[in-house]
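Colleague: Requesting a structural model of the entry that follows:
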Amino acid sequence: MKQYNKSILPNGITVISESLHYYNSVVISLWVESGSRWEKKGQEGYSHLVEHMLFKGTVNRTGKQIISEIEKLGGEINAFTTREHTCFSVSVLSRDYRKALEILCDIYLNSSIREENLELEKSVIINELLSIDDDPEELLLDKVYEYTFGSSGLGLPILGNKNSIESCSVNKLHEFYREHYKPGNMVFIASGNIVHDEIIACVAEFVKGSGNNAKSKPSGDNPVTGNSFNVLPKKLELVHCGLAFASVPFNDPRKHMEILLNSMLGEGMNSILFQEIRENRGLAYNIFSDIAFYKGVSILIIYFSCEKKDIATAAENVVHELENLCGNFIGTDKLGEYREQVKGSMKIEADNLESRMHTIAKEHFYLGRNIELSEYYRDFDSISMKDMRDFTANTINIKKANCVILGQISKKDHEKISEVLRV
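Modeller: Presented below is the predicted three-dimensional model:
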């Protein structure tokens, strides 16, 4: 039996399944191409608000019933919004897959967005917005995106802003929902102990009609500012710093080099920055790097936090390690260690159904096809030392960096960091 299957229904909905019959459970998700990148001026935060509202009830169920019907089965139901997508997912035993699909379709088709529920949820999201102001790491990362991608959709915060949320009405949200929640924008993904034809039959039964296959379009392109330094004064115990580099998208063959570079820089405790900045110099407790892929672009972010007195020294040492890596690249043996680390991590993630579901979604939206683990391995193994060295020097070139600092720093430290960043 074929493990990976993909079908497009007559109404435009895509259904993807991965049949893994050695599991007892299944993760079924509904992905919608609706996120902050797709929002127009005045709609900031609408994708996230719709996600909240679809859990408030349908014409068939109350919000409480939606949750209790899944949890009574021992399952879980959840949702999240990113800059490009909204996802509703359900984890259940394989025997209960039909119920999971029926509830997901009910949420999609029959949600009742009522005035009283909207006002209640707007209050919840305003509190969520305020909580980000109390979370320096989250606030900093939002600002990193803003200064890296400017006014384009990718630069917008997922939660929106207080004005856009407070001014949202039922009619505005219905209009946004109708524009984005079209069959052509919808993808059902199932991973676990399931049969593809059964999933197809259920979706076809629960979602009838020809639908509108038209897809939404991004609100803007991907302008990247490059080589900027912004300090956002805020009274905090620590100073928080984010250093961002725009890079290649997921459909670029060089993505494997970016994934490998991220592992080398700061993905774990064995990384260069963790070992040098924290372990060897004691300049920061929390330091890491991460990458996020989007259509047409990706972003590699280095984050660290430290005491105010150490911020200039920490920033100088981080930049030194980046420039040292570009100029004196690691040896063949060390590169091989990081390569095996990445491959091993991917294999461990493949044991988790939710991780597999996320991988399937990423491959679908950015490549349009499934990639076997063996293909990833071949691509990582084919990376030459020269190609990796050249990619690293081009990607983490400090002249292309966007740096954001959140906290209070002295004029002297500001000048020193500006000099280090060459701005």
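Colleague: Show me which parts of the helix or strand that contains residue 313 are buried, residue by residue.
Modeller: Residue 313 is part of helix 311-327, with elements assigned from DSSP states H and E. Within helix 311-327, the residues scored as buried using 16 or more other CB atoms under 10 Å are 311-312, 314-319, 321-322, 325-326. (Glycine included, C-beta is placed from N, CA and C.)
Colleague: which helices and strands does that helix pack with?
Modeller: Helix 311-327 is packed against strand 239-247, helix 255-265, helix 272-273, strand 297-306, helix 385-395, helix 411-421, with contacts defined by 3 or more CB pairs under 8 Å, 6 or more residues apart in numbering; DSSP states H and E.
Colleague: Mind checking the ones you listed for the one nearest to residue 333?
Modeller: The closest of the helices and strands packed on helix 311-327 to residue 333 is helix 385-395. By CB to CB, the value is 10.9 Å.
Colleague: Name the SS class of residue 73, please.
Modeller: coil (DSSP: H, G, I helix; E, B strand; the rest coil).
Colleague: For it, which non-adjacent residue is spatially closest?
Modeller: If the residues on either side of it in the chain are set aside, residue 73 comes closest to residue 96, at 4.9 Å by CB to CB, 6 or more residues apart in numbering.
Colleague: Pretty sure that neighbour sits in a strand.
Modeller: No: read with three-state DSSP, residue 96 is helix and lies in no strand.
Colleague: Report the contact partners of the closest residue to residue 181 other than its chain neighbours.
Modeller: Once flanking residues are discounted, residue 181 sits nearest to residue 32: 5.9 Å by CB to CB, 6+ apart. By CB atoms under 8 Å, 6 or more residues apart in numbering, the contact set of residue 32 is 85-87, 180-181, 185-187.
Colleague: Would you mind measuring from residue 32 to residue 182?
Modeller: Residue 32 sits 9 Å away from residue 182, going by CB to CB, to the nearest Å.
Colleague: Show me the strands in the stretch 51-200 of the chain, by range?
Modeller: Using DSSP state E, counting those that start in this stretch, the strands found in the stretch 51-200 of the chain span residues 76-81, 86-93, 186-192.
Colleague: Could you list the domains of this protein?
Modeller: For the chain, automatic domain parsing gives the domain ranges 4-206, 228-421.
Colleague: Quote the end-to-end distance of the last one.
Modeller: By that I understand domain 228-421. One end of domain 228-421 sits 8 Å from the other (CA to CA, to the nearest Å).
Colleague: Equivalent analysis for stretch 243-255, please.
Modeller: Across its full length, stretch 243-255 reaches 19 Å end to end, with CA to CA as the criterion.
Colleague: contacting residues around stretch 100-111?
Modeller: By CB under 8 Å, 6+ apart, the residues outside stretch 100-111 that reach it are 26, 28-30, 53-61, 66, 69-70, 75, 77, 88, 90, 92, 181, 186, 188, 199, 202-203, 206-207.
Colleague: Just the ones of those residues in helices?
Modeller: In this view, those that belong to helices under DSSP state H are 53, 66, 69-70, 199, 202-203, 206.
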